[in-house]
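# Okay, sequence plus prediction incoming.
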Amino acid sequence: MSRFDLLTIGNAIVDIISRTDDAFLREAEIEKGAMTLVDSSRALAIYDRMGPAIEMSGGSAANTAAGLVSLGGRGAYFGKVSNDQLGAIFAHDIQSLGVHYQTAPLAGDPPTARCMILVTPDGERSMNTYLGACVELGPEDIEEAVVADSLVTYFEGYLWDPPRAKDAILQAAKIAHANGREMAMTLSDSFCVHRYRAEFLDLMRSGAVDIVFANEAEALALYETEVLEEALHRIGQDTQRLAIVTRGPDGCVVVENGEATAYPATAVDALVDTTGAGDLFASGFLRGYTAGLPHETSAALGALAAGHIISQIGPRPQVPLIDLPGARALIGA
């Protein structure tokens, strides 16, 4: 028996979320719908101009771990914070959810990462991220016993921005595969794909990664095409085990053994904030996958979790996902 269903590795970030409009984005020269890396001075300048904000722990892979545990799964997380106020908030938040988190914090600078998230009336989020302590995540932060004891280890493509994290991920992949476990990644962002397209393809083709999550824009960017069918065909050829491509209100497509199967999304009464939609879809899908459920059920769990998270502000569930209508029936709990 494994100790954990899912281990996630990512940038440990505290989100600062504020509502705004398109005019503010233009005036502040913020690219709508993108995740943009910023330095400390730019982060401070954006923060100073933001309206009233909500602060909460985030980070793509951490959100996925939180969602999986909220669905009754067993989760762990690796991510670097600093020994400061935001770092203490992050550690408390994720541990209080029941996620195993023991990554040693930095003793000093740089400070814990933060992401200024501007949410426009259409629910779109524009993210400006100062990585701070995240860039110090390295091989020494990989707990071998935790990787060996996790059915799936999942990491975010954003980790390819801080250089030492690459070595940490490759080390985790070797440990996982040596213990008969699987590696999964999310492509994270189409702009991230453009930066690291060749490296992401190499991770898939070399077998370092078994399972790939992407949204439609990321899949198209990966293969430099505007035709989804072509992207689905090629991602199926390159992925060792599974590829899951999300399409927002059009659901998702699961590609396995050269066959692509579409599954529906969950209807949402009101779109409030798309922050964390892909993260929580991965939570639900991997909750089902690690429990050995059919892909149809895993996709339904992913759609349920994503549909819930876009109906609230912020990327972490505010109620247990396992208590959502239909969740227990899908899992068989």
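Perfect, I can see it now.

# Show the model's pLDDT score for residue 333.
pLDDT, residue 333: 68.

# Strands of the stretch 101-250 of the chain, residue ranges please.
Applying DSSP state E, counting those that start in this stretch to the stretch 101-250 of the chain gives strands spanning 113-119, 125-130, 150-156, 182-186, 211-215, 242-246.

# I'd like to check the angle between the helix or strand following the last one and strand 211-215, please.
Downstream of strand 242-246, the next assigned helix or strand under DSSP states H and E is strand 252-256. With axes from the mean of the first three to the mean of the last three C-alpha atoms, to 10 degrees as the basis, strand 252-256 and strand 211-215 are set at 150 degrees to each other.

# picking up where we left off before, may I see the strands of the stretch 101-250 of the chain organised as CSV, with distance to residue 196 added?
Where you see a C-beta, it was placed from the backbone N, CA and C, and this is true even at glycine. Shown next, in CSV, are the strands of the stretch 101-250 of the chain (distance: least, C-beta to C-beta, whole Å):
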stretch, distance to residue 196
strand 113-119, 19
strand 125-130, 16
strand 150-156, 12
strand 182-186, 11
strand 211-215, 13
strand 242-246, 17
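
# can you tell which of those is closest to residue 13?
Closest to residue 13 of the strands of the stretch 101-250 of the chain is strand 113-119 (C-beta to C-beta; 4.4 Å).

# Run the chain-centre distance for the closest one.
Strand 113-119 has its C-alpha centroid displaced from the chain centroid by 15 Å (C-alpha atoms, centre = their mean, to the nearest Å).

# same check, this time on stretch 311-328
Relative to its parent chain, stretch 311-328 has a centroid offset of 16 Å by C-alpha atoms, centre = their mean.

# thinking again about what came up before, using TSV, lay out the strands of the stretch 101-250 of the chain together with mean pLDDT and distance to residue 313.
Formatted as TSV, those follow (pLDDT from 0 to 100; distance: least, C-beta to C-beta, whole Å):
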stretch	mean pLDDT	distance to residue 313
strand 113-119	91	7
strand 125-130	90	10
strand 150-156	98	21
strand 182-186	98	22
strand 211-215	98	21
strand 242-246	98	21
